[in-house]
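Visitor: Whatever this is, show me its structure:
(2 chains)
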Protein chains: 2
Amino acid sequence: MADPSAFLSDRARGVKQSAVRDVFDLAMTPGIISLAGGNPWLDDLPLADLGTIAEELVARQGHLSLQYGAGQGTPELRDAVCSVMAADGIAGADPEHVVITPGSQAAIDTAARMLGNPGDVVVVEDPTFVGALNTFNTWELDAVSTPTDEEGLIPALLRTTLQRLRAAGRRVAFLYTIPSYANPSGALMPAERREEVARICREEDVLIVEDNAYGQLGFQDGPVAPIAAAHRDQVIYLGTVSKIFSPGVRIGWALVPPALLREFYLSAESAFVCPPVFSQMLSTAFLTRFDWQAHVARCAAEYALRCDALVDEMQQSLDPRVTWTRPAGGFFVWSRMPDGLDTLPLMHAAAEAGVVFVPGGAFTPDAGPHPHFRLAFSFVAPETLREGVRRLAPVLNGALPGLP
Amino acid sequence: MADPSAFLSDRARGVKQSAVRDVFDLAMTPGIISLAGGNPWLDDLPLADLGTIAEELVARQGHLSLQYGAGQGTPELRDAVCSVMAADGIAGADPEHVVITPGSQAAIDTAARMLGNPGDVVVVEDPTFVGALNTFNTWELDAVSTPTDEEGLIPALLRTTLQRLRAAGRRVAFLYTIPSYANPSGALMPAERREEVARICREEDVLIVEDNAYGQLGFQDGPVAPIAAAHRDQVIYLGTVSKIFSPGVRIGWALVPPALLREFYLSAESAFVCPPVFSQMLSTAFLTRFDWQAHVARCAAEYALRCDALVDEMQQSLDPRVTWTRPAGGFFVWSRMPDGLDTLPLMHAAAEAGVVFVPGGAFTPDAGPHPHFRLAFSFVAPETLREGVRRLAPVLNGALPGLP
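Guide: Down below sits the predicted model:
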């Protein structure tokens, strides 16, 4: 047989993920404090009651919950996620236009599958979600970043980016955006800016894939209506139960413009046949038999406390030249070292010191050095977050150039 | 905005699936007898005990079962599926070389993702699994069929196919094969032929993706050792709990040659982050706390009864010009009308008569007409199978040319 690497596709040879993979492997080390993964806080879930439901779903409804299900997802869950979308600001979504996926990563993958030809461009925020970049990479899509500020995508520069790509003869498969409490930046795009982005994309004939994993997790304010709310025909909207209920069930969904529904659905089916059925039934039970919005409100309050603890300790322990943006919701504090420094080597030094984070290079298709880094506060108790920052401080402060 | 179809990728425009989709939609009609879907029989499952376990997994271990898990799958399930593979004839598989996927369709998709460049060839059996053809299609892989007989792939013709492709300058990404009780043909490849296929592929430098969903479901005989058993370095082996436990949990796996493991794992992660965690824990419980092999033996006995009923009624009710291969295991009877007839229009006539099957054209990349059709006996009770054949008989017999 040939050298095994001869069997790999070009895209598999190009898989870029070692840094992040290293982080998550390191995060498993006993005693280490992980500020890396965006795991949700699950302690508020009504586990005893959910356990009773789980028993019933298997013992009495096992002929359904353990059998193949419809490729598009159960009608009950498609109804339930329409209620979730209504709470987010998307009124009157039709369950017939919803496709359930095994997590929203699979929905991103499906969108790339059905929309992108190899060599096409996906326009992404700088920074953007590492998982989306990985998917685009395997579809041989060229992720091109467009600048953001503390309110997300900068509309005028988005227009420039799209016009530049058009002038270069590039096909833009879609814009991928996370307007609410973005991963990793935490940015919240205001309503007016969402309208502007929608208008620019309509004028430039670019479809939008809107990822809204965190929209309900504002610390003070309710959700800002998704772009899809008023622009249903130009947006594939992605939701998930991962941050409001459970990521382990692997349930996400897409609300798809009717004209693209059939292709989305068939593309999804070609990847995974149908989403897990027990997971769908348990998610439906959580969304219909419990006050899920009260749960989400308690989660958001806990995340706010954790964010406060993290930021407070950063203020106390880190050199003022280490900066960050304080988020108003979500899971992450997006932080940065001075220009010219690269946080990838610091990740390894931090792991030695007993704490891990994700270096900024993971969140952009552009070459380094990357002075940014992402700290996740969602899964770690406040006192442990403080200890994590105290472990991080000598590594970060020590990497700064000596003051004159 | 442009015409929405302008947003589609070339592959999404080429999605070929309407016939099969139609069948499964038709199969939902009340009163219809479905001989279409390969759903397993679940009545033998210990649902009450599994329900108790489900409760415990959520109520007491919800912090694990509802949280993100490792991308490669839980160590416990990777251990357990190594026992399943041992029962199949693959001794000493290392759990470190196993990647759990959300169903084995996702593993086929991952193999295509990591191995195939657009325009490459995947060599497939004629006929082969429709879901695999759909996946290859979305990766813009060119499925080229190679002939089979009642013992599966014909080695000499496989060699001819591979040599012809090489002479034509085509890159062959891999051979996709279902050696045991194939879907849809039911063919069981004997041990010697497996060795020959492995030797030919080694000599021709072609990797094998071996799909073994049905291997333990022989009506009389134990499993024939998979090709992977003696050729670990040249085979990506795919297993699933869908036919031996539950398809609704969506749990499959791949045993990957070590040299390709990292790329397989990262490709999988880019598609779905991690497999569903509760599903993995319930599958582990089934495989470790119950006598799953006794369950599988009872299932195989039930499938044998159902196959007998189906074939017996076919003998009684169908014109002798309708022929079939009686399988020795699995879920399907692969049947055919005389040459020149196409079964696609007959599917619609059959649905009118209250019964559905899958027309043969679904199982091949080659253009029609296709005289074959697939009848699934796995999910339907014997008396209902007989009634289904009786409904089918006037449709099939009536489509035959008048005798002279």
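Visitor: Next up, the contacts around the residue in the stretch 301-404 of chain A that chain B sits nearest to.
Guide: Taking CB to the nearest CB as the measure, the stretch 301-404 of chain A has A:F379 as its residue closest to chain B, at 8.7 Å. Glycine gets a C-beta too; all of them are placed from N, C-alpha and C. If you count contacts by CB atoms under 8 Å, 6 or more residues apart in numbering or on different chains, A:F379 has them with A:34, A:37-41.
Visitor: wait, which of those is closest to chain B?
Guide: Nearest member of the contacts of A:F379 to chain B, counting by CB to the nearest CB, is A:N39, at 5.6 Å.
Visitor: Would you mind naming the helix or strand containing that closest one?
Guide: Using DSSP states H and E, A:N39 maps to neither a helix nor a strand.
Visitor: cool, A:Y176 as well?
Guide: For A:Y176, the host element (DSSP H and E) is strand A:172-177.
Visitor: hmm, that strand touching chain B?
Guide: Yes - between strand A:172-177 and chain B, judged by CB under 8 Å from any CB of the partner chain, the touching residues are A:173-174.
Visitor: now do stretch A:54-74
Guide: Yes - for stretch A:54-74, a contact with chain B is found by CB under 8 Å from any CB, at A:54-60, A:62-69.
Visitor: How far off centre is that stretch?
Guide: Chain-centre distance of stretch A:54-74: 28 Å, with CA atoms, centre = their mean, to the nearest Å.
Visitor: residues of that stretch that come out buried?
Guide: A:54-59, A:61-62, A:64-74 (16 or more other CB atoms under 10 Å in any protein chain shown).
Visitor: Stretch A:141-152: which residues count as buried?
Guide: For stretch A:141-152, burial by neighbour count (16+ other CB under 10 Å) applies to A:141-146, A:148, A:152.
Visitor: Equivalent analysis for stretch A:271-290, please.
Guide: Within stretch A:271-290, the residues scored as buried using 16+ other CB under 10 Å are A:271-287, A:290.
Visitor: okay, now A:P155: neighbour count?
Guide: A count of nearby residues for A:P155, using other CB atoms under 10 Å in any protein chain shown, gives 21.
Visitor: contacting residues around it?
Guide: Counting by CB under 8 Å, 6+ apart, A:P155 touches A:193, A:196-197, A:200.
Visitor: still on that earlier bit, can you pick out the most distant pair from the residues of stretch A:54-74 next to chain B?
Guide: Farthest-apart pair in the residues of stretch A:54-74 next to chain B is A:E55 and A:Y68; separation 21.8 Å (CB to CB).
Visitor: Is any residue of stretch A:248-268 near chain B?
Guide: Yes - between stretch A:248-268 and chain B, judged by CB under 8 Å from any CB, the touching residues are A:248-250, A:257, A:259-260, A:263, A:266-267.
Visitor: Endpoint to endpoint, that stretch covers what distance?
Guide: Taking CA to CA, to the nearest Å as the measure, stretch A:248-268 stretches 20 Å from start to finish.
Visitor: Once you drop chain neighbours, what's closest to A:A132?
Guide: Among residues not flanking A:A132 along the chain, A:I108 sits closest, at 5.2 Å (CB to CB, 6 or more residues apart in numbering or on different chains).
Visitor: Where does that neighbour fall, secondary structure wise?
Guide: A:I108 belongs to helix A:104-115 when elements are defined using DSSP H and E.
Visitor: starting at the chain centroid, how far to that helix?
Guide: Between the centre of helix A:104-115 and the centre of its chain there are 13 Å (CA atoms, centre = their mean).
Visitor: Kindly report the same for stretch A:313-326.
Guide: 24 Å.
Visitor: what does stretch A:285-300 contact?
Guide: For stretch A:285-300, the external contacting residues (CB under 8 Å, 6+ apart) are A:40-41, A:44-46, A:49-50, A:53, A:57, A:76-77, A:80-81, A:83-84, A:87, A:216-219, A:241, A:244-246, A:329.
Visitor: And for stretch A:4-15?
Guide: Under the contact criterion CB under 8 Å, 6+ apart, stretch A:4-15 has outside partners A:134, A:137-140, B:113-117, B:120, B:173-174, B:205, B:207, B:233, B:257, B:259-260, B:263, B:266-267, B:270.
Visitor: tell me how far that stretch is from the chain's mean position?
Guide: Here stretch A:4-15 is found 27 Å from its chain centre; the criterion is CA atoms, centre = their mean.
Visitor: First-to-last residue distance for it?
Guide: For stretch A:4-15, the first-to-last residue distance is 16 Å (CA to CA).
Visitor: Output the below-cut-off pLDDT ranges for chain A.
Guide: A:1-2, A:16-21, A:403-404 (pLDDT under 70).
Visitor: hmm, try it at 80
Guide: Counting by pLDDT under 80, chain A shows low-confidence ranges at A:1-5, A:13-28, A:403-404.
Visitor: What residue spans form the domains of it?
Guide: A:4-44+A:294-398, A:69-289 (automatic domain parsing).
Visitor: Deepest in the core, which of those domains is it.
Guide: domain A:69-289 (a mean of 22; mean count of other CB atoms under 10 Å in any protein chain shown).
Visitor: State the distance spanning the first to the last residue of that domain.
Guide: Separation of the first and last residues of domain A:69-289 by CA to CA is 22 Å.
Visitor: Reformat the contacts of A:F379 as CSV; add distance to chain B.
Guide: Shown next, in CSV, are the contacts of A:F379 (distance: CB to the nearest CB, whole Å):
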residue, distance to chain B
A:S34, 12
A:G37, 7
A:G38, 9
A:N39, 6
A:P40, 8
A:W41, 10
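Visitor: quick one: which of these is nearest B:M347?
Guide: A:P40 (46.0 Å).
Visitor: show me where the stretch 51-200 of chain A has helices.
Guide: Assigned by DSSP state H, counting those that start in this stretch, the stretch 51-200 of chain A shows helices spanning A:62-65, A:75-88, A:104-115, A:130-138, A:155-167, A:191-203.
Visitor: right, is the top strand by length along chain A up against chain B?
Guide: Secondary structure of chain A per DSSP state E: the longest strand is strand A:142-149. No - Strand A:142-149 does not reach chain B (CB under 8 Å from any CB); its nearest approach is 12.8 Å.
Visitor: Now the terminal residues of stretch A:62-76, how far apart.
Guide: Start-to-end span of stretch A:62-76 (CA to CA) is 16 Å.
Visitor: Can you list the neighbours in contact with that stretch?
Guide: A:57-58, A:78, A:95, A:98-100, A:253, A:265, A:268-269, A:273-275, A:277-278, A:280-281, A:284, A:288, B:37, B:39-40, B:42-43, B:45, B:47, B:50-51, B:242, B:245-249.
Visitor: roughly how far out does that stretch sit from the chain middle?
Guide: Mean-position distance between stretch A:62-76 and its chain equals 26 Å (CA atoms, centre = their mean).
Visitor: What angle do strand A:172-177 and the helix holding A:I108 make with each other?
Guide: Going by axes from the mean of the first three to the mean of the last three CA atoms, to 10 degrees, helix A:104-115 is angled at 160 degrees with respect to strand A:172-177.
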